[in-house]
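Participant: please find the sequence and the predicted model below.
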Amino acid sequence: FFRSTTSLPLVGKKALVTAGPTHEAIDPVRYIGNHSSGKMGFALAEALQQLGADVTLITGPTQLSTPQAVHRIDIISAKEMLKETAAHFDNADIVVMSAAVADYTPANVAAQKIKKKDDNFQIDMIKTTDILATLGQKKSSKQTLVGFALETNNELEHAKSKLVRKNLDFIVLNSMQDSGAGFAGDTNKITVIDRSGTQQNFELKSKKEVAQDICKIVVTHQQALTD
Ligand code: CTP
Ligand code: CA
């Protein structure tokens, strides 16, 4: 019994993880997407499950297979991701939003394939709902809410402002400045910032190891909340 509570500190906890890109339809054959591979989110879902959590993974289109014993929900668009995350949020003790959600979506989806015509072509886009900010507003004092930030300039300043604006417990800053880090690869270099402004810098590592570093922080936070 003692051994299992220390090696499986998240037994009895529910975790919600989002991963991958969203695809925003333009017409029946085209979409606007991004280069997120989903690897970071899948690694997080796997690591949380291995610590004993009951994990739901809400993912956009990826090439990845579902980690062992993880409950997976596939979505396509930002709107669908909002609907599924909102439906699972209240029951979750731990929420980690690593998905690369589209910020804008086409105002109209053409019913038929758009034909080539003029030399220039514009798509009218409208802002999507910020899922993480919506969850941040609903967050209870028993929940650990973690967001990600992908920045190319003024990284720390931008990440800190997202942490505050979205009412997060932690924000994980993905450094695009270090080679090997970011969207498609197998490695990542992160800085984790908490609400007091404390920063933890990590080395360039595999996404699986990065997931374990994030999990350690989450476990400590959950234990402090429930002790
Ligand atoms: N996010 C979200 N819903 C959106 C956009 C982003 O939940 N519509 C979440 C992402 O999952 C991530 C965090 O917000 O955890 C930060 O995403 P990011 O793109 O870095 O920040 P934005 O607030 O969208 O700001 P910007 O893209 O302008 O930097
Ligand atoms: Ca964004």
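Facilitator: Received, thanks. Just so it is clear, the structure is predicted and the values come from calculations on it, not from any experiment. Residues are numbered from 1 along each chain as shown. Ligands and ions are numbered 1, 2, ... in the order given.
Participant: which residues sit against the helix ranked longest in the chain?
Facilitator: Ranked by residue count under DSSP state H, the longest helix found in the chain is helix 207-226. If you take Cβ atoms under 8 Å, 6 or more residues apart in numbering as the criterion, helix 207-226 is touched by 9-10, 13, 39-40, 43-44, 46-48, 51, 93-94, 96, 141-142, 144, 146, 169-170, 172, 186-188, 190, 192, 200, 202, 205. Where you see a C-beta, it was placed from the backbone N, CA and C, and this is true even at glycine.
Participant: and with 6 Å instead?
Facilitator: With contact meaning Cβ atoms under 6 Å, 6 or more residues apart in numbering, helix 207-226 is reached by 9, 39-40, 43-44, 47, 51, 94, 142, 144, 186, 188, 190, 192, 202.
Participant: and those, which of them are buried?
Facilitator: 9, 39-40, 43-44, 47, 51, 94, 144, 188, 190, 192, 202 (16 or more other Cβ atoms under 10 Å).
Participant: turn those residues into JSON lines, columns for secondary structure.
Facilitator: Listed next are the buried ones among the contacts of helix 207-226 as JSON lines, based on DSSP: H, G, I helix; E, B strand; the rest coil:
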{"residue": "9", "secondary structure": "coil"}
{"residue": "39", "secondary structure": "helix"}
{"residue": "40", "secondary structure": "helix"}
{"residue": "43", "secondary structure": "helix"}
{"residue": "44", "secondary structure": "helix"}
{"residue": "47", "secondary structure": "helix"}
{"residue": "51", "secondary structure": "coil"}
{"residue": "94", "secondary structure": "strand"}
{"residue": "144", "secondary structure": "strand"}
{"residue": "188", "secondary structure": "strand"}
{"residue": "190", "secondary structure": "strand"}
{"residue": "192", "secondary structure": "strand"}
{"residue": "202", "secondary structure": "coil"}
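Participant: okay, who's weakest in the residues you listed by pLDDT?
Facilitator: Among those, residue 188 carries the lowest pLDDT, at 91.
Participant: please report the distance of the spatially closest residue to that one that is not a sequence neighbour from residue 116.
Facilitator: Excluding the flanking residues, the one nearest residue 188 by Cβ to Cβ, 6 or more residues apart in numbering is residue 210, at 4.7 Å. Note on residue 210: its distance to residue 116, by Cβ to Cβ, to the nearest Å, is 43 Å.
Participant: and the residue nearest to residue 188, how far is that from residue 204?
Facilitator: Distance of residue 210 to residue 204, computed by Cβ to Cβ: 9 Å.
Participant: good, wrapping up.
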